[in-house]
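**Student:** Got a sequence here, can you model it:
(4 chains)
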Number of protein chains: 2
Amino acid sequence: MPKRTDLSNTFCPLGRSAELLGDRAVLLILRELFFGRRRFETIVVTTGLGPQLVSARLKRLLSEGVIERHAYRDRPPRHEYRLTAKGRDLFDVLYALRGWAERWAYTPGETGGGPAMRYVHRACGADVGTATICPGCGEPLRYGELKGEPSPALRAEQAARSGG
Amino acid sequence: MPKRTDLSNTFCPLGRSAELLGDRAVLLILRELFFGRRRFETIVVTTGLGPQLVSARLKRLLSEGVIERHAYRDRPPRHEYRLTAKGRDLFDVLYALRGWAERWAYTPGETGGGPAMRYVHRACGADVGTATICPGCGEPLRYGELKGEPSPALRAEQAARSGG
DNA sequence: CTTGTTACTATGATTATCATAGTTACTATC
DNA sequence: GATAGTAACTATGATAATCATAGTAACAAG
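**Tutor:** Numbers count the residues shown, from 1 in each chain, chains lettered A, B, ... in the order given. Next up is the predicted model:
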């Protein structure tokens, strides 16, 4: 393609977000990082993306300050990728994307009644559904305060991806 | 490219969302629709995308049931695009993207102190900042209950785009 | 000294996106 | 009634991004 118009210098906040987050690979990589999967190979396998794409997107995320490289072994040099504060603040975005899909992207019965991914508020134990405020205690939900549990179908899919 | 892996049939809700919303053009088009700009040419001009891309993305959004075509004149046949309930429910996603950018995507002083886009809760008149619960009255914020006001810089940019 | 692990980069085919121009079907103005 | 304008697209050719597959580099373990 010709050089596509760069929207990162627009004054519109959504335009700026779209430039980074309007990308399938970026969203998938962020999902893995939020789940605590920090290593290159793990991300390649769990997302199903090619190593070249993952490499390119990690570089972009690094340059945007959303993630940072952290050495976990010196010889041979190995590092993992962690979300920065700026990255962790994307939780609301990912949570909203997940909530919308839970409400609209499944055919009735496809998930066996419940959500594809169940979230429980650690503080009070309530199933939060797709709410942004805990239906149990009324507190706003933040990253780290939720415990995610994949449905059996999702768990099976994840296992298949890791194994094959 | 080779046929990229389709993730819409994954059981992961974020994977399903990413397939549709992990796309810069889709996000930009949705922004315009949320602002009430419903016509093809308007969307082409305000997003800065080419007509072919806009056409392709509108078709995808139609087939996903996120928008619908509505005739507003018969001779010659003219139609506009409107968000469906499924589309309007994406408000949380767009609002989260906007909030993140407001907090992280501007250099200090770039917006002249305030946000690039100011939102006011119609019900109580409070400036909501980037909150999901109104800081004035404590109510959760929903689409239609907010009044958006672009900053002077953003307003100038929008005018330049429409004019040139 | 062969196999395994981790984190990549290189290659070539294929497809998406871009800018620009053209099309269709009318309405409004001169 | 001929010309210009508007709205909503489609067609064309160049360029860039993405994919699957394979290969590299640096070490550890057996």
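**Student:** Give me the domain ranges for chain A.
**Tutor:** Domain assignment for chain A, taken from automatic domain parsing, gives A:13-84, A:91-163.
**Student:** what about the helix or strand hosting A:Gly99, average pLDDT?
**Tutor:** A:Gly99 belongs to helix A:91-104 when assigned by DSSP states H and E. Averaged across helix A:91-104, pLDDT comes to 97.
**Student:** Tell me which residue is most central in chain A.
**Tutor:** The structure's chain A has its C-alpha centroid closest to A:Arg31; by Cα atoms, centre = their mean the separation is 1.8 Å.
**Student:** and after the strand or helix carrying that residue, which helix or strand comes next?
**Tutor:** Using DSSP H and E, A:Arg31 falls within helix A:24-34. On the C-terminal side of helix A:24-34, the closest following helix or strand by DSSP H and E is helix A:40-47.
**Student:** Other residues contacting that next one?
**Tutor:** For helix A:40-47, the surrounding residues in contact (Cβ atoms under 8 Å, 6 or more residues apart in numbering or on different chains) are A:25, A:28-29, A:31-33, A:37, A:49-51, A:54-55, A:58, A:81, A:158, A:161-162. Every C-beta, even on glycine, is put in place using the N, C-alpha and C of the backbone.
**Student:** redo that, cut-off 6 Å
**Tutor:** A:Leu28, A:Ile29, A:Glu32, A:Arg37, A:Pro51, A:Val54 (Cβ atoms under 6 Å, 6 or more residues apart in numbering or on different chains).
**Student:** cool, stretch A:98-117 as well?
**Tutor:** With contact meaning Cβ under 6 Å, 6+ apart, stretch A:98-117 is reached by A:130, A:148, A:150-151, A:154, B:11, B:13-14, B:16-17, B:86, B:90, B:93.
**Student:** Could I get the full set of helices for chain A?
**Tutor:** Using DSSP state H, the helices of chain A run over A:13-21, A:24-34, A:40-47, A:51-63, A:85-88, A:91-104, A:152-163.
**Student:** Report all helices and strands that the fourth one contacts.
**Tutor:** Which is helix A:51-63. Other elements packing on helix A:51-63 under the criterion 3 or more Cβ pairs under 6 Å, 6 or more residues apart in numbering or on different chains; DSSP states H and E are helix A:24-34, helix A:40-47.
**Student:** so which of those gets nearest DNA strand D?
**Tutor:** helix A:24-34 (5.9 Å; Cβ to the nearest atom of the strand).
**Student:** That closest one near DNA strand C at all?
**Tutor:** No - Helix A:24-34 is not in contact with DNA strand C by Cβ under 7 Å from any atom of the strand; minimum separation 9.6 Å.
**Student:** buried set for that helix?
**Tutor:** Residues A:Arg24, A:Ala25, A:Val26, A:Leu27, A:Leu28, A:Ile29, A:Leu30, A:Arg31, A:Glu32, A:Leu33, A:Phe34 are the ones in helix A:24-34 that count as buried (16 or more other Cβ atoms under 10 Å in any protein chain shown).
**Student:** Quick check: the last one vs B:Arg37, distance?
**Tutor:** So that's A:Phe34. Distance, A:Phe34 to B:Arg37, by Cβ to Cβ, to the nearest Å: 33 Å.
**Student:** What parts of chain A come near chain B?
**Tutor:** Applying Cβ under 6 Å from any Cβ of the partner chain, we find that chain A lies next to chain B at A:5, A:11, A:13-14, A:16-18, A:22-24, A:27-28, A:31, A:48, A:86, A:90, A:92-93, A:96-98, A:100-102, A:104-105, A:116-117, A:132, A:153-154, A:157.
**Student:** Just the buried ones from the residues you listed?
**Tutor:** Among the residues of chain A next to chain B, those scoring as buried are A:11, A:13-14, A:16-18, A:22-24, A:27-28, A:31, A:86, A:90, A:92-93, A:96-98, A:100-102, A:104-105, A:116-117, A:132, A:154, A:157 (criterion: 16+ other Cβ under 10 Å).
**Student:** neighbours of A:Val66, just the number please.
**Tutor:** Counted with other Cβ atoms under 10 Å in any protein chain shown, the neighbours of A:Val66 add up to 25.
**Student:** Distance of it relative to B:Glu64?
**Tutor:** Separation of A:Val66 from B:Glu64 (Cβ to Cβ): 28 Å.
**Student:** ok, now A:Ala25?
**Tutor:** Note on A:Ala25: its distance to B:Glu64, by Cβ to Cβ, is 20 Å.
**Student:** Next: A:Lys86.
**Tutor:** The gap separating A:Lys86 from B:Glu64 is 30 Å, by Cβ to Cβ.
**Student:** do A:Leu90 as well
**Tutor:** Distance check for A:Leu90 against B:Glu64: by Cβ to Cβ, it reads 23 Å.
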